[in-house]
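> please find the sequence and the predicted model below.
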Amino acid sequence: MSLVLDAGALVAIERSDRSVVALLKRELLAGRAPLTHGGVVGQVWRSGSGRQANLARLLRGVEVRALDGALGRRAGELLGLAGDIDVIDAAVALLALDGDVILTSDPGDLAALVAAAGTHADIVPV
């Protein structure tokens, strides 16, 4: 099982949301790195490690995958299937595998994208 993070999860970390911090600590203690992609980081990264110290610390333990051409094309195809337009969310949905958990501030959108992808991941709102 992997914990997949969208921008809302990273913002929750920035704000020291205790429930999200606890989930991430559990993953790290189990030897599993939470997962996201570079587009999600770009949505929330603004001022570097000074004002975003919590986020900077978190990102050291997160596997950040590239939003490259292959993932971009797959995300576009998923958007076509789902009738959606948010490529960042679509790429998050594609990172999840069966049994994974996605932490998101957009549970409805991610649930629709995960369903369109044919993946059985749990959507946890933050």
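Done, it's in. Numbering: from 1, shown residues only.

> where does the chain have low pLDDT?
Counting by pLDDT under 70, the ranges of the chain that qualify are 48-49.

> how about the secondary structure of the residue of it positioned farthest from its centre?
Going by CA atoms, centre = their mean, the residue of the chain most distant from its centre is residue 50, 22.8 Å out. Secondary structure, DSSP: H, G, I helix; E, B strand; the rest coil: residue 50 is coil.

> gap between it and residue 3?
Distance from residue 50 to residue 3, counting by CB to CB, to the nearest Å: 27 Å. Quick note: C-beta positions are derived from backbone N, CA and C, even for glycine.

> what of residue 115?
Relative to residue 3, and taking CB to CB, residue 115 is found at 19 Å.

> got it, and residue 65?
From residue 65 to residue 3 the distance is 14 Å (CB to CB).

> C-alpha coordinates for the longest helix seen in the chain, PDB please?
Looking across the chain with DSSP state H, the single longest helix is helix 69-82. Extracted in PDB, the C-alpha atoms of helix 69-82 (Å, rounded to 0.1, in the frame of the first residue of the first chain):
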ATOM      1  CA  GLY A  69       5.600  13.100 -21.300                       C
ATOM      2  CA  ALA A  70       4.400   9.600 -20.600                       C
ATOM      3  CA  LEU A  71       2.500  10.400 -17.500                       C
ATOM      4  CA  GLY A  72       1.100  13.600 -19.200                       C
ATOM      5  CA  ARG A  73      -0.200  11.600 -22.100                       C
ATOM      6  CA  ARG A  74      -1.800   9.000 -19.800                       C
ATOM      7  CA  ALA A  75      -3.300  11.800 -17.700                       C
ATOM      8  CA  GLY A  76      -4.800  13.400 -20.900                       C
ATOM      9  CA  GLU A  77      -6.300  10.000 -21.900                       C
ATOM     10  CA  LEU A  78      -7.800   9.600 -18.400                       C
ATOM     11  CA  LEU A  79      -9.300  13.100 -18.600                       C
ATOM     12  CA  GLY A  80     -10.900  12.200 -21.900                       C
ATOM     13  CA  LEU A  81     -12.500   9.100 -20.200                       C
ATOM     14  CA  ALA A  82     -13.600  11.000 -17.100                       C
END
